[in-house]
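Peer 1: mind looking at a prediction? Sequence and model below.
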Amino acid sequence: MSKRLFSILVLTIIPLLVMACSASESKTDQSVKAKGRPAVAVETMAVTPIEIAQSIPVVGTLAPKYEAEVKSEYSGIITDVYVTEWVRVAKGTHLAKLDVREAAAGLDAAKAQLAQAQVAENKAAREYERALGLKNSGLITQQLFDDAVTAREAATAAKDSAKAQLNVAETRLAKTLITAPIDGVIAFRGVNVGDYIENMGSPKPMFKIVDNRLLDLTVTVPSSRMAEIRVGQEIEFTTNAYSDKTYHGKIKYINPAVDPSNRGMKVIAEVVNEPEELRGGLFVKGKIVTGTRADVRVVPRSALKIWDVVNKQGEVFVAADQKARRRVVNTGVVEGDLVEITAGIEAGELVVTRGAFNVNEGDQLKIVSPKES
């Protein structure tokens, strides 16, 4: 075969082979496109309107509604201590006692002064009666009678003063016995026998008593939502100390002023704490229930493939005729794992709740139950 003939054959056969391969590849691509992607297994949920509670999320701190720091009104040396820390006491329970010698001596002196004043008053009274008789008989002048009246009045005033001093001395002696001003538990004991304590001006308390049966929960509500708050509304909350439990309280006080530093309004709720599981100082997270709404369309958080929380907009996939259809939706309030949908889907539509991140617009869907997936 000549070189010329070989060249002619090569130039003729190669284009034919290329055309044949191209045709084959075109048929394969068409076959794949005809078949499409395999159906994507997803879980779905029918959008069903429900009733949800409207609420305001809050955080705050618990504090005992009633607590007291016990101090002495007088300085002195502790002679007896009757309680220890962590014990429960009732109002009026004896806690400690001060040295009573000085107070007892003062009481004795006050009693003696009262006795002297009583004797002086009796004498002045007799002088007055005698002067009155002489005056009626015309035997003394008006001046002498007036002096008798004045002496009697002065003696009565001295007796009243002595009585007051006796009351002071009795009170002073009584206050050497330190008692509990409220019911509660001794949370702190700061004295021992032999300690010298200062009077009420001392910053250190002798005892601290806490009553945890009723707690105050203080939270801050944004001023933008202050119109929704009412006395008597319920507040639900949890704390890390008991993460598996939900506690409740009721709003009792609403601060009439807004804090200019954070534009928030303080709200105080009372929490009945029986049994006394909760403690003052615990940090809590919760919500104030402001009302309920019916016919609210909700979807699980997992159904939102994209969610712009700030602008309240997201995307979901809806299963229509076994195919995936992308929907842009508007979101509302969040209640646990459920997100309100205010626009974009209608009640009864099937929303992809699991597997949405593997889905594209128009994909064929295979709807499975949770067990199958």
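Peer 2: That came in fine, so what should we check first?
Peer 1: switch to C-alpha atoms for all contacts and neighbour counts from now on
Peer 2: OK.
Peer 1: quick one: least confident helix or strand in the protein?
Peer 2: Taking mean pLDDT, DSSP states H and E as the measure, the chain has helix 3-35 as its least confident helix or strand, at a mean of 45.
Peer 1: could you identify the helix or strand that succeeds it?
Peer 2: strand 40-46 (DSSP states H and E).
Peer 1: per-residue confidence averaged over that next one?
Peer 2: Mean pLDDT, strand 40-46: 80.
Peer 1: centre of the chain versus it, how much separation?
Peer 2: 41 Å (Cα atoms, centre = their mean, to the nearest Å).
Peer 1: do stretch 268-287 as well
Peer 2: The answer for stretch 268-287 is 6 Å, by Cα atoms, centre = their mean.
Peer 1: any idea where the strands of the stretch 151-300 of the chain begin and end?
Peer 2: Listed in chain order, the strands of the stretch 151-300 of the chain (DSSP state E, counting those that start in this stretch) span 177-179, 184-189, 196-197, 207-222, 234-239, 242-254, 264-272, 283-296, 298-300.
Peer 1: got a markdown table for those, with distance to residue 96 and mean pLDDT too?
Peer 2: A markdown table is the format used below for the strands of the stretch 151-300 of the chain (distance: least, Cα to Cα, whole Å; pLDDT from 0 to 100):
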| stretch | distance to residue 96 | mean pLDDT |
| --- | --- | --- |
| strand 177-179 | 5 | 96 |
| strand 184-189 | 10 | 96 |
| strand 196-197 | 12 | 93 |
| strand 207-222 | 10 | 96 |
| strand 234-239 | 37 | 95 |
| strand 242-254 | 36 | 94 |
| strand 264-272 | 31 | 96 |
| strand 283-296 | 34 | 89 |
| strand 298-300 | 61 | 85 |
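Peer 1: show residues contacting the helix or strand hosting residue 77.
Peer 2: For residue 77, the host element (DSSP H and E) is strand 76-81. Outside strand 76-81, the residues that touch it by Cα atoms under 8 Å, 6 or more residues apart in numbering are 95-99, 191-198.
Peer 1: tell me the one among those nearest to residue 146.
Peer 2: residue 99 (48.5 Å; Cα to Cα).
Peer 1: tell me who's in contact with that closest one.
Peer 2: Counting by Cα under 8 Å, 6+ apart, residue 99 has contacts 76-79, 176.
Peer 1: by neighbour count, which of those residues wins?
Peer 2: Counting neighbours by other Cα atoms under 10 Å, residue 176 leads the contacts of residue 99 with 23 neighbours.
Peer 1: ramachandran coordinates for it?
Peer 2: Backbone torsions of residue 176, given as degrees, to the nearest 10, read phi -70, psi -10.
Peer 1: would you check that it makes contact with residue 98?
Peer 2: Yes - between residue 176 and residue 98 there is a contact under Cα atoms under 8 Å: 4.8 Å.
Peer 1: contacts only, for the residue nearest to residue 313 when sequence neighbours are not counted.
Peer 2: Spatially, and ignoring its direct neighbours in sequence, residue 313 is nearest to residue 330 (4.5 Å; Cα to Cα, 6 or more residues apart in numbering). By Cα under 8 Å, 6+ apart, the contact list for residue 330 reads 312-314, 341-344.
Peer 1: looking at the residues you listed, which are in strands?
Peer 2: 313-314, 341-343 (DSSP state E).
Peer 1: make a ChimeraX selection of the buried ones in the residues you listed.
Peer 2: This is how ChimeraX selects the buried members of the ones in strands among the contacts of residue 330, with burial counted by 16 or more other Cα atoms under 10 Å:
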select :313,314,341,342
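Peer 1: okay, the ones in strands among the contacts of residue 330 in JSON lines with distance to residue 286 and pLDDT next?
Peer 2: Putting the ones in strands among the contacts of residue 330 into JSON lines (distance: Cα to Cα, whole Å; pLDDT from 0 to 100) gives the following:
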{"residue": "313", "distance to residue 286": "25", "pLDDT": "87"}
{"residue": "314", "distance to residue 286": "26", "pLDDT": "88"}
{"residue": "341", "distance to residue 286": "23", "pLDDT": "86"}
{"residue": "342", "distance to residue 286": "24", "pLDDT": "88"}
{"residue": "343", "distance to residue 286": "28", "pLDDT": "89"}
